[in-house]
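Colleague: Could you look at this predicted model? Sequence included:
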Amino acid sequence: MNLDELQRRLMTDPAREREAAAAARASGGEAARAVEESDAFERLLGEAMNVAPPDDLQHQLRQVPFRAGRRERRGPGAAGWLAMAASLTLAVAVTLFLLRDAAPPADGGLAAHLAWHWDHDGPTVLAAARTGPTPPARVQELLADFGVALAPELLADVRLSKICPTPDGAGAHLVLSAPDGPVTLYYMPHTVVPASGESYPLADDMRAWVFNVERGSVALVGDQGSDLPALGQRIAAQLVFQDDRSL
Amino acid sequence: MNHEDRSRRFDGLARRYGDDLFRFAVWLCRDRALAADLVQETYLRAWKALDRLQDENAAKSWLITILRREFARTFERKVPPIDDIDDVVVAEPNEDGPDDRTERDRLRDEIGRLDAMYREPLALQVLLGLSIAEIAEELELSESAVMTRVFRAREQLKKRLSNALPGEPE
């Protein structure tokens, strides 16, 4: 095999050219150097593409059957609701257990959790939300797992929705299009704050405005100029809690 | 298959392929948050269709197909324009020195700027270990077309790295 052919093969499918590479190495000279260069490049390429998955990815994937079961069982009658409640109880229990490593230390309190959560993925999620609204059905499906729905006016403002950790288990992370710019909303279904309507400073000149709702609490994250209390009042009126939720 | 067996089988697929599918999704979306959502949606669909997966050896390509279809169906239009891939990609921690990191970061930048027609087969090959024939089947291309694309992907990356030129606009 000539040098050009060897280089072409190494640039096309290097992992399957081990024999050719070994022969080239043994022959020395330019062919051996071509193999060394290819090896170094492939090593660098592998490292560059090998991005770290989120800490909680595996946990989120293990929750998928519970989410799917919740969707499938929607509306089937009392037995179905009981089964769903059992699934959700288990999901929340699993979440509480597995999110320990993804969340800040338990004794850090809400302020530490909010600071950690914003640092963890706040700006990234905000950036991803720039591109367009999440389909409303998808937002409602995600929120239904927590027994809450959004009024249509608020639903129209949601740019992105995902499950996220909260101080007390899983919650929802939304990005809303608000009059003063995009605002991040953390819905914490199991966290009730002692002082509702309190502001917490965050990195990047952001702040969180936290208030209790009918079930759990909400943290709104926006920049210092955002009128978060006014937005919070509007949102509190547009969250619809499902009566049949037993958790 | 009872629910317990089904769950065990599903957990196995999540453990075995979840992280690699996420890495592939990052290079498809060029966005970590979207990639995480895409992988979750992929596994949701996989859970629903799990009984249709007869051959466990085909699981990887089955999941890749679901992910790519889901990407084309709802995620592709949400991909933001790329400014700096480092904003959305976090490297694996390692012991390398600053020079290695710089070179790797530059390469990561350039991979992000590759046209999708080159970036996708390259990611399938490097991250998921697919052969040329498997990539050709997945992308519905001829093997020679795939060989050309992965060759050109490497060629462009090497050229841009050695010239230290900014990436060509897509």
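Modeller: Looks like it arrived, so ask away.
Colleague: CA only for contacts and neighbour counts going forward, please
Modeller: Fine.
Colleague: Run a quick check on A:G147 versus A:Q242, I expect a contact.
Modeller: Yes: if you go by C-alpha atoms under 8 Å, A:G147 and A:Q242 touch, sitting 5.3 Å apart.
Colleague: More neighbours: which of the two?
Modeller: More crowded of A:G147 and A:Q242, by other C-alpha atoms under 10 Å in any protein chain shown: A:G147, with 19 against 12.
Colleague: mind checking how far that one is from chain B?
Modeller: Counting by C-alpha to the nearest C-alpha, to the nearest Å, the gap from A:G147 to chain B is 20 Å.
Colleague: for chain A, which spans come out with low pLDDT?
Modeller: Chain A contains residues with pLDDT under 70 at A:69-108, A:131-132, A:243-247.
Colleague: For it, which residues are neighbours of chain B?
Modeller: With the criterion set to C-alpha under 8 Å from any C-alpha of the partner chain, chain A comes near chain B through A:8, A:11-13, A:44-54, A:57-58, A:60-62, A:64-65, A:68, A:124-125, A:128, A:130-132, A:162.
Colleague: Show me which of those residues are buried.
Modeller: Buried members of the residues of chain A next to chain B, counted by 16 or more other C-alpha atoms under 10 Å in any protein chain shown: A:11-13, A:44-45, A:47-54, A:57-58, A:60-62, A:64-65, A:68, A:124-125, A:128, A:130, A:162.
Colleague: Mind checking which of these are in strands?
Modeller: Those of those mapping onto strands are A:K162, per DSSP state E.
Colleague: does residue 149 belong to a helix or a strand, and which?
Modeller: Just so you know, I chose chain A. strand A:148-150 (DSSP states H and E).
Colleague: That was the other one, I meant chain B.
Modeller: Using DSSP H and E, B:R149 maps to helix B:143-163.
Colleague: by contact count, what packs against that helix?
Modeller: helix A:3-12, helix B:98-113, helix B:116-126, helix B:132-139 (3 or more C-alpha pairs under 8 Å, 6 or more residues apart in numbering or on different chains; DSSP states H and E).
Colleague: Recalculate using a threshold of 7 Å.
Modeller: On a contact count with 3 or more C-alpha pairs under 7 Å, 6 or more residues apart in numbering or on different chains; DSSP states H and E, helix B:143-163 meets helix A:3-12, helix B:116-126, helix B:132-139.
Colleague: Deepest in the core, which of the ones you listed is it.
Modeller: A comparison of these by mean neighbour count, using mean count of other C-alpha atoms under 10 Å in any protein chain shown, puts helix B:116-126 on top with a mean of 21.
Colleague: Now that helix: average pLDDT?
Modeller: For helix B:116-126, mean pLDDT is 96.
Colleague: Not counting it itself, show me its contacts.
Modeller: With contacts defined as C-alpha atoms under 7 Å, 6 or more residues apart in numbering or on different chains, helix B:116-126 is touched by A:G46, B:F24, B:L28, B:I111, B:L130, B:S131, B:I135, B:R149, B:V150, B:A153.
Colleague: quick one: that helix to helix B:143-163, angle?
Modeller: Between helix B:116-126 and helix B:143-163, the angle comes out at 100 degrees (axes from the mean of the first three to the mean of the last three C-alpha atoms, to 10 degrees).
Colleague: host element of the residue positioned nearest the centre of chain B?
Modeller: Against the mean C-alpha coordinate of chain B, by C-alpha atoms, centre = their mean, the closest residue is B:F24 at 1.7 Å. Here B:F24, judged by DSSP H and E, is contained in helix B:3-29.
Colleague: May I see the buried residues of stretch A:113-131?
Modeller: So, applying 16+ other C-alpha under 10 Å, buried residues of stretch A:113-131: A:113-118, A:121-122, A:124-130.
Colleague: follow-up on the earlier one: narrow the contacts of helix B:116-126 to just the buried residues.
Modeller: Using 16+ other C-alpha under 10 Å as the burial test, the contacts of helix B:116-126 include B:F24, B:L28, B:I111, B:L130, B:S131, B:I135, B:R149, B:V150, B:A153 as buried.
Colleague: could you measure B:R104 against chain A, distance?
Modeller: From B:R104 to chain A the distance is 5 Å (C-alpha to the nearest C-alpha).
Colleague: Read off the pLDDT value for that residue.
Modeller: 88.
Colleague: sorry, back to before: following element in sequence after the strand holding A:A149, please.
Modeller: Downstream of strand A:148-150, the first helix or strand assigned by DSSP H and E is helix A:152-155.
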